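J.: Output the structure for:
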Amino acid sequence: MKIVDRGTVVRGKKGSPASSCAFPGVASLPSGRWLCGYRAAPTKPAVEGQRAMLTWSDDQGRRWREPFEPLRPPVLDGKRGVFRSVYPTPLGGDEVLVTLLWVDASDPSLPFFNEKNDGLLESRLFHSVSTDGGESWSEPALMDVNPIQMWTPPTGPALLLPDGTWAAQFELNKHFDDGTPWRHSSILMFSRDRGRTWPLLSVAGNDPSNRMFYWDQRPGVLADGSILDAFWTYDNKAAVYRNIHARRSADGGRTWSALWDTGVPGQPAQPVTLADGRIGLVYVDRTAAPLIKMRASADGGASFPAETELVLYGGEGTQTERKGAMRDAWAEMGRFSIGLPATAPLAGGDVLVVYYAGPETDVTDVEWVRISTG
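T.: Take a look at the predicted model:
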């Protein structure tokens with residue numbers, strides 16, 4: 001594996017409404033267009049003023065379209081909201097699906113995360129489809145997640161499975177004022193009618209003892225049609241992060257293998273099949289200075305040897321602190337200025353990676369790297 005090109009999707013402008021450019025998603029369309037969605041905001045923790053933005057490149061990253069807001073957040077149950085993220089999924093040809101996170105912004109004084117009880121502002125999933133490569137979009141459709149009664153922020157783009165099924169990925173979060181313990185799960189829900197109904201549900205990550213949080217799941221559809229799901233793994237009792245854990249599904253996410261420890265520290269991106277048949281895993285390693293890295297597995301994801309490691313981006317100074325409770329983990333996340341890589345396979349076997357990075361928590365760019373894997 002080697003880096004063959006890199007560049008910047010969009011730069012954060014300090015002191016502007018788009019100072020914090022973060023939380024990117026990326027897709028490569030058959031036309032060659034690279035489509036990138038991200039969140040722009042005046043500060044990283046901002047709820048008020050955040051916008052879900054879209055841009056694309058038709059010349060392999062040399063130039064990017066002026067970012068624009070493809071969809072306006074609707075009023076939901078009388079409450080004004082904002083879109084916090086937009087994740088694209090290619091559906092074939094010029095058709096693209098986006099998954100959007102709607103967040104209640106009716107009370108601008110409230111933070112996204114309630115550090116007093118680990119609750120979250122109302123968070124809902126919407127979907128929209130473009131048939132012209134992202135130029136125009138259908139009216140955002142609220143996803144029906146019944147029987148789930150918790151908030152459902154997405155952990156990435158919907159998956160397009162080999163049989164045409166859509167699989168929406170999200171995790172469960174408590175309501176903002178809920179005083180009961182947060183019981184986390186990573187979930188997939190499935191639609192066979194292009195998002196009109198979502199009748200099937202699969203629990204991809206959950207610890208009945210509530211000690212291990214398999215959060216920020218990153219499922220990827222591999223070349224053989226199986227799903228490899230990688231998890232940023234948090235020990236809620238010891239208040240420390242463990243190695244990335246993973247599990248695999250051979251039946252479209254209906255059932256899962258046992259979880260295993262990959263031996264890789266940090267926060268993963270979606271696994272991808274490389275040109276030589278190995279599996280690539282991009283991740284953020286924060287054991288010291290934050291680094292965005294990539295490793296490869298020749299044994300189906302069971303291990304990702306250190307000797308395969310490639311550094312994609314390096315930061316300075318540590319951004320990890322000693323934690324005593326969940327609120328400390330969230331506060332730590334809020335200070336990160338590097339992170340959340342996302343991947344997209346390119347024609348010919350290369351891999352496109354996007355991530356956010358910058359000199360300050362509230363001043364970050366979205367950058368891209370192209371990796372040759374043959």
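J.: May I have the residues that are in contact with the residue positioned nearest the centre of the chain?
T.: What sits nearest the mean C-alpha location of the chain, by C-alpha atoms, centre = their mean, is Gly156, with 3.6 Å. Each residue near Gly156 by C-beta atoms under 8 Å, 6 or more residues apart in numbering is listed here: 25, 87, 99, 169, 217-219, 270, 342. The way it works is simple: take the backbone N, C-alpha and C, and place the C-beta from them, glycine included.
J.: so where's the stretch 201-350 of the chain uncertain?
T.: 315-336 (pLDDT under 70).
J.: the helices in it, which residues?
T.: With helices called from DSSP state H, counting those that start in this stretch, the stretch 201-350 of the chain shows them at 326-335.
J.: Against Ser106, how distant is the most far-flung residue of the chain relative to its centre?
T.: Within the chain, the residue lying farthest from the chain centre (C-alpha atoms, centre = their mean) is Gly78, at 28.4 Å. Shown here: Gly78 relative to Ser106, a distance of 8 Å by C-beta to C-beta, to the nearest Å.
J.: Check Ser297 too.
T.: Distance of Ser297 to Ser106, computed by C-beta to C-beta: 45 Å.
J.: ok, now Ala302?
T.: For Ala302, the distance to Ser106 (C-beta to C-beta) stands at 47 Å.
J.: What is the burial count for the nearest residue to Leu274 once chain neighbours are set aside?
T.: Closest residue to Leu274 apart from its sequence neighbours, by C-beta to C-beta, 6 or more residues apart in numbering: Thr373 at 3.8 Å. Here the number of neighbours of Thr373 (other C-beta atoms under 10 Å) works out to 23.
J.: try Pro271
T.: 27.
J.: Kindly report the same for Glu66.
T.: 6.
J.: That one contacts Trp56, doesn't it?
T.: No: counting by C-beta atoms under 8 Å, Glu66 does not reach Trp56; the two are 10.4 Å apart.
J.: hang on, the earlier thing: per-residue pLDDT, the residue nearest to Leu274?
T.: As summarised for this prediction, Thr373 has a pLDDT of 88.
J.: The closest residue in space to Arg124 that isn't next to it in sequence sits in which helix or strand?
T.: Nearest non-adjacent residue to Arg124, counting by C-beta to C-beta, 6+ apart: Trp102, 4.5 Å away. Under the criterion of DSSP states H and E, Trp102 resides in strand 95-104.
J.: starting at the chain centroid, how far to that strand?
T.: Chain-centre distance of strand 95-104: 12 Å, with C-alpha atoms, centre = their mean, to the nearest Å.
J.: Give the partner strands of that strand in its sheet and their orientations.
T.: strand 81-92 (antiparallel), strand 123-130 (antiparallel) (DSSP bridges).
J.: Dump the ones you listed to TSV, plus mean neighbour count.
T.: Below are the strands paired with strand 95-104 laid out as TSV (neighbours: other C-beta atoms under 10 Å):
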stretch	mean neighbour count
strand 81-92	22
strand 123-130	21
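J.: could these go into TSV alongside distance to Thr262?
T.: Listed next are the strands paired with strand 95-104 as TSV, based on distance: least, C-beta to C-beta, whole Å:
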stretch	distance to Thr262
strand 81-92	23
strand 123-130	28
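J.: possible to save the ones you listed as JSON lines with distance to Phe231 and mean pLDDT?
T.: Listed next are the strands paired with strand 95-104 as JSON lines, based on distance: least, C-beta to C-beta, whole Å; pLDDT from 0 to 100:
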{"stretch": "strand 81-92", "distance to Phe231": "18", "mean pLDDT": "98"}
{"stretch": "strand 123-130", "distance to Phe231": "19", "mean pLDDT": "98"}
